[in-house]
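S.K.: 3D model of this:
(one chain, ligands or ions: 1)
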Amino acid sequence: METKKVVIIGSGPAGYTAAIYAARANLAPLLFEGFMSGGSPGGQLMTTTDVENYPGFPDGVLGPELMDLFKRQAERFGTHIVSEDIESVDLKRSPFIVRGSSKQIAAHTVILATGATAKRLEIEGSRDGEFWQKGVSACAVCDGAAPIFRNQPLYVIGGGDSAVEEAIFLTKYGSRVYIVHRRDQLRASKIMAERAMKHPKIEILWNSSIEKISGDQVVRAVLLKNLESGETEEREAGGIFFAIGHQPNTGFLLGQLETNQVGYIIIEPGSTKTSIEGVFACGDVQDPTYRQAVTAAGSGCMAALDAERWLSEKGIE
Ligand code: NAP
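M.R.: The predicted structure is shown next:
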């Protein structure tokens, strides 16, 4: 089996930046960009439109275009990119073993950059084979412009910045946008909350949940529940969007690394070192707080530098 000095798992801003740095340090990294699992290759920016806060792009840049630039830069310095999902890793032996769907590689260091995936709720009617992707989505920015949502009442579930951002985005398409929140106060930042509350096309349904989604070929209605009174009401609906946070993509690690209660990889503060020597983590998979492309890229750089130092300390040249 081939042994690499650095194997990077994940292809968002964190993974590609780690690859750029590792490749420029002549470590000939191999990067698994993923295929189907977790997010798509390129990570969450592939399903974003304009990115206006990534430094260096004063006029903004499209998410997929930005990721293509990251990828080209990583390849330019000799990163070998494999389009496969990782099925498992063995971090109990050294070198580590990384198993893709068809390729198996030994690695002296592993950089985990698998990001996070939008969470879904188990509402009746929302599952695959029911109305999932037939009016139910976990990404307004990716799906909101689809014809089925035009001039329809749309519902966003959640009360954080994502819910508000998605609701504002959806006002371009829907007849009216309802934010369905389980409490009587938004978690979103003050400025975002004010934008939602002032928006003429947005209404917040406080202390509420959606109990059931129904329709024919596509979504037609939701059963809304007031969580205080317990009363339910069927309302017309053309779309339901989950905006209830993200789940880190760490399932394939099978508990070999220390994570927090919800699965984010724990790293040594001020570094990208995980609980296993030689394994580093960067980007959203270890960051429940900032979750920005630029912070992910910064931590990808840190991971490559940490891996390079570790290899040099172990005399693996
Ligand atoms: P978040 O802040 O964790 O908010 C998740 C929301 O979903 C909360 O309001 C939560 O309700 C609700 N929720 C969670 N589980 C639920 C369940 N089972 N049923 C019903 N509701 C549920 O997640 P986020 O909005 O994705 O934001 C994550 C981070 O990214 C934050 O730091 C945020 O500031 C940042 N962000 C920033 C921007 C921006 O500045 N433009 C945009 C997007 C995200 P409770 O409030 O009751 O817990």
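S.K.: most proximal residue of the stretch 1-150 of the chain with respect to the ligand?
M.R.: Distances between the stretch 1-150 of the chain and the ligand by Cβ to the nearest ligand atom are smallest at residue 121, namely 5.7 Å. The way it works is simple: take the backbone N, C-alpha and C, and place the C-beta from them, glycine included.
S.K.: ok so that residue is a strand residue?
M.R.: No. Per DSSP: H, G, I helix; E, B strand; the rest coil, residue 121 lies outside any strand segment and is coil.
S.K.: and the protein, which residues reach the ligand?
M.R.: Proximity of the chain to the ligand, by Cβ under 6 Å from any ligand atom, involves residues 121, 157-163, 165, 182-183, 187, 189, 243-245, 291.
S.K.: per-residue pLDDT, the residue of the stretch 101-250 of the chain found nearest the ligand?
M.R.: Of the residues in the stretch 101-250 of the chain, the one nearest the ligand is residue 160, at a distance of 2.4 Å by Cβ to the nearest ligand atom. Per-residue pLDDT puts residue 160 at 95.
S.K.: one more: residue 139?
M.R.: 85.
S.K.: now do the helices in the protein.
M.R.: Secondary structure of the chain (DSSP state H): helices located at 13-24, 63-76, 140-143, 161-170, 190-198, 293-313.
S.K.: still on that earlier bit, number of residues surrounding the residue of the stretch 101-250 of the chain closest to the ligand?
M.R.: Using other Cβ atoms under 10 Å, residue 160 has 18 neighbouring residues.
S.K.: do the one 5 residues further on as well
M.R.: Residue 165 has 18 neighbouring residues, counting by other Cβ under 10 Å.
S.K.: that one - nearest residue in space that isn't next to it in sequence?
M.R.: The shortest distance from residue 165 to any residue other than its chain neighbours is 6.9 Å, reached at residue 192 (Cβ to Cβ, 6 or more residues apart in numbering).
S.K.: over to residue 42?
M.R.: residue 67 (3.9 Å).
S.K.: residue 203 now?
M.R.: Residue nearest to residue 203 in three dimensions, not counting chain neighbours: residue 178, with 5.3 Å by Cβ to Cβ, 6+ apart.
S.K.: what about the residue of the stretch 1-150 of the chain closest to the ligand, neighbour count?
M.R.: 14.
S.K.: next, the contact list for residue 217, please.
M.R.: Counting by Cβ atoms under 8 Å, 6 or more residues apart in numbering, residue 217 touches residue 134.
S.K.: against residue 132, how distant is it?
M.R.: 13 Å (Cβ to Cβ, to the nearest Å).
S.K.: looking at strand pairing, list the partners for the nearest residue to residue 95 once chain neighbours are set aside.
M.R.: Once flanking residues are discounted, residue 95 sits nearest to residue 106: 4.2 Å by Cβ to Cβ, 6+ apart. Counting by DSSP bridges, residue 106 is bridged to residue 3, residue 97.
S.K.: tell me the contacts of residue 106?
M.R.: Contacts of residue 106 were listed using Cβ under 8 Å, 6+ apart, and they are 1, 2, 3, 4, 95, 96, 97, 98.
S.K.: could you report the neighbour count for the fourth one?
M.R.: Which is residue 4. Using other Cβ under 10 Å, residue 4 has 20 neighbouring residues.
S.K.: could you measure from it over to residue 119?
M.R.: Counting by Cβ to Cβ, the gap from residue 4 to residue 119 is 33 Å.
S.K.: what do you get for the second one?
M.R.: Going from residue 2 to residue 119 by Cβ to Cβ gives 36 Å.
S.K.: now do the last one
M.R.: Relative to residue 119, residue 98 is positioned 26 Å away (criterion: Cβ to Cβ).
S.K.: cool, the third one as well?
M.R.: Taking Cβ to Cβ as the measure, residue 3 falls 37 Å from residue 119.
S.K.: surely residue 108 meets residue 22?
M.R.: No. Residue 108 lies out of contact with residue 22 (Cβ atoms under 8 Å); the separation is 11.6 Å.
S.K.: which ones are touching the nearest residue to residue 246 once chain neighbours are set aside?
M.R.: In space, and not counting its chain neighbours, residue 246 is closest to residue 116: 3.8 Å by Cβ to Cβ, 6+ apart. By Cβ under 8 Å, 6+ apart, residue 116 lies in contact with 44, 246, 247, 248, 249, 284, 285, 291.
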